[in-house]
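Q: sequence and predicted structure below; questions after.
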Amino acid sequence: MKKHLSIIIFDGSLKTTPFINRLAAGLAQKHKVYIMGFDHHLQKPIPKVNYIRLGSATQSLKLFWVTLGWALNGLFKSGSFKGVQQLLKGLGTRNKKSLQHYNFNRAIQYLQPDILHVQWPSLLPWCEGLLQKELPNIILSQRGFQNNVRPFVDPENKAYLQKIYPQLDGFHSVSKAMEAKGNQIHNDPSQVKRVVYSGFDLAQLPYEDPQPVPAPLQLLSVGRPHWIKNYPLALKACALLKQQNIPFQYTIIGAKGNEELQYLVRMLGLEEEVQLTARVSQKEVYERMRAATVLLLPSLAEGMPNVALEAMALGVPVVSSNSGGINEMIIHQKTGWLVSSQDPKEMAQVMSELPQLAHKELINITQAARKKIEVEATTQTMVQGMESLYTEVCNRDR
């Protein structure tokens with residue numbers, strides 16, 4: 001088994017998520033790592049990580065030059081005119097996707113990676129031509145909506161995944177619950193599967209003991225106003241707090257302009273207590289977390305929500321619906337609070353009891369949450385977990 005692997009992380013974009021950035025940076029200390037995507041926008045490349053551009057369908061001229069580069073690469077490396085022919089055909093038919101497919105396949109052929117780590121099921125159609133080949137080994141991450149919701153509301157998508165999953169070499173899941181969801185699509189014990197939690201640089205998330213619960217309560221949620229985030233549950237719980245004369249302020253970062261939530265806020269009479277704001281930088285999210293009494297996570301389904309893990313690391317109490325894999329990190333009344341995703345009364349009750357909670361007990365809960373993150377969700381544990389998955393896939397008999 002090779003000690004140093006060649007790994008392509010295929011995200012579809014070069015502007016990757018913090019999870020992928022931390023993973024790539026960690027892997028690049030030992031392995032050859034590439035991030036492959038279709039766009040050209042890259043402001044802060046990660047040291048030691050190589051970026052492979054496949055060309056954007058919205059930027060015709062840049063797509064042409066990228067394809068020409070891969071065509072010339074094929075011509076000079078193997079004497080193949082296929083790339084030049086593909087380029088001319090694509091220009092003649094204006095079929096941009098065919099040019100991108102050529103660039104993708106040529107990049108794989110040229111780089112000969114040991115591992116192609118696909119980040120989203122929506123990218124699997126690009127890989128279909130590789131599935132019957134010896135290399136690369138193809139691993140899929142199971143992380144979010146495309147895995148735990150879409151296949152179960154879109155029969156056509158589920159049927160496609162049921163056709164493709166048996167041909168993959170391995171699966172990475174961000175939680176045990178997410179792995180179980182994947183097994184509902186296809187479950188083959190002979191395939192390599194590994195649960196690896198998202199990892200964080202805890203030096204960037206310094207823990208602070210929470211202050212005594214203030215009045216008014218400072219409630220915070222972070223995330224796009226998608227139905228899966230279930231913000232109506234939190235708003236209805238807030239309406240119950242108001243009925244009990246418990247003062248609070250509730251901010252949802254990322255929900256500005258959402259008409260359904262605006263209507264619900266007015267209908268519940270929460271205009272003075274609730275603020276829907278635009279998205280902000282990660283730095284500002286952390287600042288607002290530190291100022292919050294509690295992070296609310298009312299989601300109907302989650303893989304393993306980063307925002308909850310970040311709050312736990314910082315020492316911010318988390319009240320979450322018991323959905324997806326969150327109960328793998330939050331132990332009720334030990335590292336946070338779990339409530340039903342269907343019952344606003346339960347969420348309101350937990351929040352109403354916070355002011356009566358002894359300050360020492362609140363500190364004990366947040367310290368236990370931080371310890372949980374330190375043990376299970378660091379960058380080091382994430383990188384080691386992924387290396388173990390890659391190694392097992394490369395060592396198995398095909």
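A: That came through fine.
Q: quick check: closest non-adjacent residue to residue 206.
A: residue 314 (7.4 Å; Cβ to Cβ, 6 or more residues apart in numbering). All C-beta spots, glycine's among them, are computed from the backbone N, C-alpha and C.
Q: and residue 227, how many residues sit next to it?
A: Residues near residue 227, counting by other Cβ atoms under 10 Å, number 11.
Q: spit out the contact partners of the closest residue to it other than its chain neighbours.
A: With Cβ to Cβ, 6+ apart as the criterion, residue 227 has its nearest non-adjacent residue at 7.6 Å, and that residue is residue 300. Applying Cβ atoms under 8 Å, 6 or more residues apart in numbering, one finds that residue 300 lies in contact with 227, 228, 229, 230, 321, 323, 341.
Q: the same query, at a cut-off of 7 Å, please.
A: By Cβ atoms under 7 Å, 6 or more residues apart in numbering, residue 300 lies in contact with 228, 230, 323, 341.
Q: got it, and residue 4?
A: With Cβ under 7 Å, 6+ apart, residue 4 has these contacts: 30, 31, 32.
Q: check what pLDDT it gets.
A: Per-residue pLDDT puts residue 4 at 88.
Q: just the ones in strands from the contacts of residue 4, please.
A: residue 32 (DSSP state E).
Q: between the contacts of residue 4, which sits nearest residue 380?
A: residue 30 (12.2 Å; Cβ to Cβ).
Q: look up the closest residue to that closest one, ignoring the ones flanking it.
A: residue 4 (6.4 Å).
Q: any idea how far residue 280 is from the one you found?
A: As for residue 4, its distance to residue 280 is 39 Å (criterion: Cβ to Cβ, to the nearest Å).
Q: mind listing the helices for the stretch 101-250 of the chain?
A: 145-148, 150-153, 155-164, 176-185, 231-243 (DSSP state H, counting those that start in this stretch).
Q: got CSV for those helices, with mean pLDDT too?
A: Shown next, in CSV, are the helices of the stretch 101-250 of the chain (pLDDT from 0 to 100):
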stretch, mean pLDDT
helix 145-148, 90
helix 150-153, 93
helix 155-164, 96
helix 176-185, 94
helix 231-243, 97
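Q: output these as TSV; include the columns mean neighbour count and distance to residue 380.
A: Shown next, in TSV, are those (neighbours: other Cβ atoms under 10 Å; distance: least, Cβ to Cβ, whole Å):
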stretch	mean neighbour count	distance to residue 380
helix 145-148	21	25
helix 150-153	14	32
helix 155-164	14	32
helix 176-185	18	20
helix 231-243	20	34
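Q: out of these, nearest to residue 266?
A: Closest among the helices of the stretch 101-250 of the chain, using Cβ to Cβ: helix 231-243, at 10.7 Å.
Q: which elements pack onto the closest one?
A: Contacts defined by 3 or more Cβ pairs under 7 Å, 6 or more residues apart in numbering; DSSP states H and E place helix 231-243 against strand 248-253, helix 259-267, helix 344-353.
Q: is it fair to say residue 374 lies in a helix?
A: Yes - counting by DSSP: H, G, I helix; E, B strand; the rest coil, residue 374 falls inside a helix.
Q: for the helices of the stretch 101-250 of the chain, give me JSON lines that also has distance to residue 365.
A: As requested, the helices of the stretch 101-250 of the chain are exported to JSON lines (distance: least, Cβ to Cβ, whole Å):
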{"stretch": "helix 145-148", "distance to residue 365": "27"}
{"stretch": "helix 150-153", "distance to residue 365": "34"}
{"stretch": "helix 155-164", "distance to residue 365": "39"}
{"stretch": "helix 176-185", "distance to residue 365": "22"}
{"stretch": "helix 231-243", "distance to residue 365": "20"}
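Q: list phi and psi for the residue nearest to residue 30.
A: When quoted as degrees, to the nearest 10, the phi and psi of residue 4 stand at phi -120, psi 120.
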